[in-house]
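**Student:** Could you look at this predicted model? Sequence included:
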Number of protein chains: 2
Amino acid sequence: MEIICLQENLKKGLNITERIIGKNLTLPILNNILISVEKSSIKLCSTDLEIGINCEISGKIIKQGAIAIPAKVLTSFINNLPNKKVQLKTKDNKLMIKCENYKSQIKGFSSEEFPIIPKIKSEPILKINKDILRTGLSQIVEITAISESRPEISGIYMKFEKESIKTAATDSFRLAEKIINDVDIASINENEIIIPKRTVVELIRILQDDDIGNVELVLNQNQVLFNLNNVQIISRLIEGKFPDYTQIIPKEFQAQVITNKQELINNIKLASFFSGKANEVKLSILPSKSLVELSSEDADVGSHKSSLPAKIQGKPIKISFNYRYLLDGLNNIFSDKVIISIGKEAGKTLITSVGDESYKYIVMPIKA
Amino acid sequence: MEIICLQENLKKGLNITERIIGKNLTLPILNNILISVEKSSIKLCSTDLEIGINCEISGKIIKQGAIAIPAKVLTSFINNLPNKKVQLKTKDNKLMIKCENYKSQIKGFSSEEFPIIPKIKSEPILKINKDILRTGLSQIVEITAISESRPEISGIYMKFEKESIKTAATDSFRLAEKIINDVDIASINENEIIIPKRTVVELIRILQDDDIGNVELVLNQNQVLFNLNNVQIISRLIEGKFPDYTQIIPKEFQAQVITNKQELINNIKLASFFSGKANEVKLSILPSKSLVELSSEDADVGSHKSSLPAKIQGKPIKISFNYRYLLDGLNNIFSDKVIISIGKEAGKTLITSVGDESYKYIVMPIKA
């Protein structure tokens, strides 16, 4: 194998592929990046057997071939080279690197030891703008809980509909749903999947790259492929059935509060310093005064009280939440105003945005 | 006690005083900040019994008094308030805080439980521009080693001379000396002191503040006071005698190399990836070629070689260093060109700047 490419291109490709590589002691070959040169393409590949990333980079091909090189040392070394032409050449199981007056060799492994990343040959089922996909997934991914006993909630649920993707995530204390619109759906066989949280986190990270345009999604039985121009992310899917959460979305409410989102966030943050071990912040909804009062008390630290103006429909209510759960929902709302709807059943509460129905956040109170 | 002050002023003062407070389990009162209002001054104080910080803030005094309040909760809470007027008022051992629509109380302790930070009443021995002091100390502080067996090298050495301060630090593997000039020295009784590393680190941090102008230094027998307008830092001094390092500065050299500092740093960084457990990077000084060659080899990882042009006087030498030690010295040189002088005795090496004789860095080789 022999190629010449710009440091910048190599660096970018390595940083995209390198991130999923940990320190695998039982299968050390997984700590490597495979550099493979075939026909007219230079590819960098990494995998942890759950996710695989392929990244094609541009460069001049002198000789085809492949080698697996320890990811951390290769990436750190290339990151520190000047942005000039870099020559990479294999000799036995070593990679010879030349750049300006620098000459190095890094010990690697035969490409044959590197696991084959499965290929998905099916047609894409949909195409979507990368920013719409990234923003939508970012709004829900963080609340996913990694649970060994309930693997089906350890991932992001996706349901493909006519012109949209319904996505949802939960940790059983709260649930977020995001409808991603403007999707160009081609054909659907399977219409529900669960994607591991880590895959979605990596996808969101890679989607930040400006070079990426639209995203194609390809499915086969137990795998998903995200095709982003020169980068492919392949992941296993989580088996099992995501809980049928539509029934838990509250539809009848004791009270509905419309207030300024940022002010509410500020008030909750200040109350949080006195929220004790349970992270408990109390909301008093006062329709007659058009006010929401927030209070918290910690016997060891002290106490706090504040109020903010709100439009309120319904009856007066006192209800307590884990303040972190409230903030997780509010921070994913992009409008200035937010609607807090306290459900009739056990105080189950729905947080939505004024003017955007695509995002729903449902949270259970500590005390209702 | 009752005062009203702007959140911004309070926040700034708290963040200056709060940093030295850890989590002291044996003397929990040290986890507090003392707010004390006397005559026309509002003071925030913190101490860990080694360092004490007093910070005067501006505000309206309504009633004199004092209280000790847990530093972490107070600082985090005030940091999150809007930049408006904040009212602080004591009631029993609680601090009542009002700001806009926020009302809180934080449990505190009687000011009498808070240790007295000693006052130094002597006249200042010198006055110096804060940026000159900060830059000078930053160049040497990091190599100080905290050593229980050799407390005298756990601090920064200062020797007051006619119009300058000679400062030095060492960890016994390398030594840095910085002559700080432009000092307005008044009078000196004691002319050598050793200041604990942590004190110097805190001093450097606080000196970054734009509000601070000149710095006065006041000494008494076993303490030093840095007086920075509204902030005072008081620290105990380290007893003992700093090693007489002037004799170890090499004066006769096998070779002297003048080269570009940044290129040398880049070359060392790249070689470092192959430097193995000993961090060993080899320099080959080649006067006939006007080149310095850098090389490194790690049996498990691979090897590296590079060269850079240099003006060389003296004979050819091969010498190895811990690359971290080289970088620590080079990163504290501010000129474009650097002089590497390999001493005759055991390869003891002096790193200096072209055109600035105030900074000297001496490092021992691994192999000479």
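**Tutor:** Thanks, I have it.
**Student:** what's the residue of the stretch 151-300 of chain A found nearest chain B in contact with, if anything?
**Tutor:** Proximity of the stretch 151-300 of chain A to chain B (Cβ to the nearest Cβ) peaks at A:Phe273, 4.8 Å away. From N, CA and C alone the C-beta is placed, and that goes for glycine too. Residues in contact with A:Phe273 (Cβ atoms under 8 Å, 6 or more residues apart in numbering or on different chains) are A:Ser296, A:Val301, A:His304, B:Val73, B:Ser76, B:Phe77, B:Asn80, B:Ser104.
**Student:** What segments of the stretch 101-250 of chain A are strands?
**Tutor:** Taking DSSP state E, counting those that start in this stretch to define them, one finds strands in the stretch 101-250 of chain A at A:102-107, A:109-110, A:126-129, A:155-160, A:165-170, A:174-180, A:184-185, A:192-196, A:214-220, A:223-228, A:231-236.
**Student:** related to what we said a few turns ago, what subset of the contacts of A:Phe273 is buried?
**Tutor:** Applying 16 or more other Cβ atoms under 10 Å in any protein chain shown to the contacts of A:Phe273, the neighbour count classes A:Ser296, A:Val301, A:His304, B:Val73, B:Phe77, B:Ser104 as buried.
**Student:** quick one: contacts for the nearest residue to A:Ile312 once chain neighbours are set aside?
**Tutor:** Spatial nearest neighbour of A:Ile312, excluding adjacent residues (Cβ to Cβ, 6 or more residues apart in numbering or on different chains): A:Pro287 at 4.2 Å. For A:Pro287, the contact set (Cβ under 8 Å, 6+ apart) comprises A:Ala255, A:Ile312, A:Gln313, A:Gly314, A:Lys315, A:Pro316.
**Student:** Which strand or helix spans the nearest residue to the residue of the stretch 151-300 of chain A closest to chain B once chain neighbours are set aside?
**Tutor:** Excluding its sequence neighbours, the residue lying closest to A:Phe273 (Cβ to Cβ, 6+ apart) is B:Phe77, at 4.8 Å. Applying DSSP states H and E as the criterion places B:Phe77 in helix B:71-79.
**Student:** Could you pull up the mean pLDDT of that helix?
**Tutor:** Average pLDDT, helix B:71-79: 97.
**Student:** try stretch A:280-287
**Tutor:** Summarised as a single mean, pLDDT over stretch A:280-287 is 97.
**Student:** Could you export it as PDB, CA atoms only?
**Tutor:** Presented in PDB, the C-alpha positions along stretch A:280-287 are these (Å, rounded to 0.1, in the frame of the first residue of the first chain):
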ATOM      1  CA  GLU A 280     -36.700  18.100  45.000                       C
ATOM      2  CA  VAL A 281     -38.100  21.400  43.900                       C
ATOM      3  CA  LYS A 282     -41.700  22.300  44.600                       C
ATOM      4  CA  LEU A 283     -43.900  24.200  42.200                       C
ATOM      5  CA  SER A 284     -47.000  26.000  43.500                       C
ATOM      6  CA  ILE A 285     -49.300  26.900  40.600                       C
ATOM      7  CA  LEU A 286     -51.400  29.900  41.600                       C
ATOM      8  CA  PRO A 287     -54.100  30.600  38.900                       C
END
